[in-house]
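Asks: Sequence first, predicted model second:
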Amino acid sequence: MSAIIEAKNLVFRYQENEEDGTPKKQEIPVLKDVSLSIEKGSFTAILGHNGSGKSTFAKHINAILVPDEGKVYVDGMDTADEENLFAIRQKAGMVFQNPDNQIVATIVEEDVAFAPENLGVAPDEIRRRVDDALKAVKMYDYRSHAPTQLSGGQKQRVAIAGVIAMQPDCIILDEPTAMLDPQGRQEVMDTIRRLNRKKGITVVLITHYMEEAALADRIVVIDDGRVLLDDVPKKVFAQVETLQRVGLDVPQVTELAHLLRQEGIEIEKDIISAEECVAALEALLEKNRK
Amino acid sequence: MVKPLSILETEELTYTYSTGTPFEKTAVDHVNLKIEKNCMVGVIGHTGSGKSTLMQHFNGLLRPTSGRVLLDGEDIWADKKKLRDVRFRVGLVFQYPEYQLFEETVWKDIAFGPKNMGLSDAEIRTRVLETAEMIGLEEELLERSPFALSGGQKRRAAIAGVMAMRPEILILDEPCAGLDPKGRNHLLRQICDYQKKTKSTVMLVSHSMEDAAAYTEKLLVMNQAKLFCYDDTPAVFRRTEELCSMGLRIPQIAGVMHTLRQKGYDLPEDIYTVEQARDAVLSLLRKGGGAAC
């Protein structure tokens, strides 16, 4: 597999204004030295506490921000080269926390058509793309509804469809479930997984929900502007203390196993799903009975 | 006469949006509630279930289409002149309250509410300092511009502004949205401490079943504009299937315990935090307990 996103020694500082209003770059960079390569078709979760730099990193993937030092390549294109801007934004689409900030039209299908229209796609091709995108997020039946009539989870799926309609190779989602209820969260997560598995779209998911991160192929933990951990979820979540030290957490089932181990109980370290937890506890209790 | 233990009551409270238009929608439908004094209440429900509409009735931001809201036994709409007073007594913190910060300094922002209440300067000073301490804002931050604070600090400053009025009821709509796990737990613990110290009633609107389970005594569950139930938190999470059918969930750990119980293991009901689960599993292991049958 080849890399679709490649960051090499990425350093970034935000700009602030001096007292007299002249812009000045901050002294301490938000991203201090990030090197990371994301494979085509993979599903990566990025974790980090507020202010760790994870959203700043995400904004580099579709060239909303460009590096002060180092390079970011999207499908081989340098994000710092303005000529690549359109091609990069078409390749890597972004979904934000609040769907209300991302939805522009008053009818669902018109909203989804917004990006392809702006890309100058032919009308019958737009029709096809919009229908496909809405079916992919299971919102086709709502195509003529007003977005305001939809629930949070439905709106977020429409926002995702709007990105899908550009036919990107990669979608970056910045806390897409932060404002949703449990069911809305599940709908969005199911959609993301389906797009990744069935359509082969590369997914980069930024989240504060550890149970969502557990569904990814790989977890990257960013702390203080650097990559702290980078591994499969089972290996990352096994480091309970490290994660808690940097303001993160582990899924509840992982924490339970951790607490039981502290009491001297022999239970697997790498439990990250409810099913695994049930199986492990069952085995433990059965063994105990004998 | 014995003073009622409830601070807030609703009687057949109903609210209909856009009455007489094609968009007419009943957002709160005949809700009857009695909320106790000195209580940590969680408010859960799917998006659009009517949670926020209901909360906005509690301090008179919305006027019921029919039915009544009683604060300490008195209809809040009985005397319109008293509404201002109601808003001091029932404090409402909206989602992302940091967008409402506006003063030059954090101090002034927190003092804004108490000042409007007409408190003395000495009292305002005490309130600002006490509240800042409870919510974890260091004194040196108080002279700064609220806009120079970090995200978590801004959120705290905004919440402090409402807490400083010492409302009898403090309503917080998703106070932890967008905060990382540590920030989340930290803020929730501070809110609980505030509740205990002031012995007031705090209502916490949340989409996180884990938070609701870990930090509240009672849960108010809204479903499709109706009150599904108002009960002790453990009793609510016992209704697993019903909660799931209305778009809610139980905490992950509660689900695991539920499954094991269904498989016949002798685990107690009402386990919904990780610590409780650990203790239950340990005690079962000590008993040499496997399957119940």
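Replies: Received it, and whenever you're ready, just let me know what you need.
Asks: What residues sit buried inside stretch A:282-290?
Replies: Within stretch A:282-290, the residues scored as buried using 16 or more other Cβ atoms under 10 Å in any protein chain shown are A:282, A:284-285. C-beta coordinates here come from the backbone N, C-alpha and C atoms, glycine included.
Asks: Quick check: the nearest residue to A:D169 once chain neighbours are set aside vs A:A133, distance?
Replies: Counting by Cβ to Cβ, 6 or more residues apart in numbering or on different chains, A:K91 is the residue found nearest to A:D169 once chain neighbours are left out, at 5.1 Å. A:K91 is 16 Å from A:A133, where distance means Cβ to Cβ, to the nearest Å.
Asks: between those two, who's got more neighbours?
Replies: A:A133 (27 against 21; other Cβ atoms under 10 Å in any protein chain shown).
Asks: on that earlier part again, save the buried residues of stretch A:282-290 as a markdown table, and put in distance to B:F23 and secondary structure too.
Replies: Converted to a markdown table, those look like this (distance: Cβ to Cβ, whole Å; DSSP: H, G, I helix; E, B strand; the rest coil):
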| residue | distance to B:F23 | secondary structure |
| --- | --- | --- |
| A:E282 | 52 | helix |
| A:L284 | 55 | helix |
| A:L285 | 55 | helix |
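Asks: Can you tell me which of these comes closest to A:A238?
Replies: Closest approach between those and A:A238, by Cβ to Cβ: A:L284, at 17.8 Å.
Asks: Spatially nearest residue to the closest one, not counting backbone neighbours?
Replies: Leaving aside its sequence neighbours, A:L284 sits nearest to A:I267 (Cβ to Cβ, 6+ apart; 5.9 Å).
Asks: In contact with B:F58, which residues?
Replies: Neighbouring residues of B:F58 by Cβ atoms under 8 Å, 6 or more residues apart in numbering or on different chains: B:8, B:69, B:90, B:92, B:169, B:171, B:203.
Asks: pretty sure the fifth one contacts B:R89?
Replies: Yes - under the criterion of Cβ atoms under 8 Å, B:I169 lies in contact with B:R89, with a separation of 7.1 Å.
Asks: Give the residues shared as contacts by these two.
Replies: Common neighbours of B:I169 and B:R89, using Cβ under 8 Å, 6+ apart, are B:N59.
Asks: So what are the sheet partners of the host helix or strand of B:G67 and their directions?
Replies: Following DSSP states H and E, the helix or strand that holds B:G67 is strand B:66-71. Taking DSSP bridges as the criterion, strand B:66-71 forms sheet pairs with strand B:6-17 (antiparallel), strand B:74-75 (antiparallel).
Asks: taking those together, which one is wrapped up most tightly?
Replies: The highest average neighbour count among the strands paired with strand B:66-71, using mean count of other Cβ atoms under 10 Å in any protein chain shown, belongs to strand B:6-17 at a mean of 19.
Asks: Please name every helix or strand in contact with the very next helix or strand once past it.
Replies: Reading on from strand B:6-17 to the C-terminus, the next helix or strand found by DSSP H and E is strand B:25-36. Strand B:25-36 sits against strand B:6-17, helix B:51-58, strand B:201-205, strand B:218-223, strand B:226-232, with contacts defined as 3 or more Cβ pairs under 8 Å, 6 or more residues apart in numbering or on different chains; DSSP states H and E.
Asks: Could I get the phi/psi values of residue 157?
Replies: You didn't pick a chain, so chain A it is. phi -70, psi -30 (degrees, to the nearest 10).
Asks: Oops, wrong one, chain B.
Replies: According to degrees, to the nearest 10, B:A157 has phi -60, psi -40.
Asks: Can you report how many residues lie near it?
Replies: For B:A157, the neighbour count with other Cβ under 10 Å is 27.
Asks: My understanding was that it contacts B:L101; is that so?
Replies: Yes - under the criterion of Cβ under 8 Å, B:A157 makes contact with B:L101 at 6.2 Å.
Asks: anything in contact with each of those two?
Replies: By Cβ under 8 Å, 6+ apart, the residues touching both B:A157 and B:L101 are B:109, B:146.
Asks: So for B:A292, what's the pLDDT?
Replies: B:A292 is assigned 48 on the pLDDT scale.
Asks: Could you do A:M1 as well?
Replies: Taking A:M1 on its own, its pLDDT is 59.
Asks: do B:T105 as well
Replies: Each residue has a pLDDT score; the one for B:T105 is 94.
Asks: Domains in the chain, by residue range?
Replies: Picked chain A for this. Per automatic domain parsing, the domain ranges recorded for chain A read A:3-233, A:251-290.
Asks: actually it's chain B I care about, not the one you picked
Replies: Chain B breaks down into these structural domains: B:6-233, B:251-293 (assignment by automatic domain parsing).
Asks: what's the least confident stretch among the ones you listed?
Replies: domain B:251-293 (a mean of 87).
Asks: Can you give me the distance of B:V202 to B:Y215?
Replies: According to Cβ to Cβ, B:V202 stands 9 Å off from B:Y215.
Asks: Look at the two and report which has more neighbours.
Replies: The neighbour count for B:V202 versus B:Y215, taken as other Cβ under 10 Å, is higher for B:V202 (25 against 21).
Asks: you'd agree that one is up against B:Q190?
Replies: No - with contact defined as Cβ under 8 Å, B:V202 does not count as touching B:Q190 (11.2 Å).
Asks: hmm, back to that, could you point out which of the strands paired with strand B:66-71 sits nearest A:D223?
Replies: Across those, closest to A:D223 is strand B:6-17 (Cβ to Cβ), at 43.5 Å.
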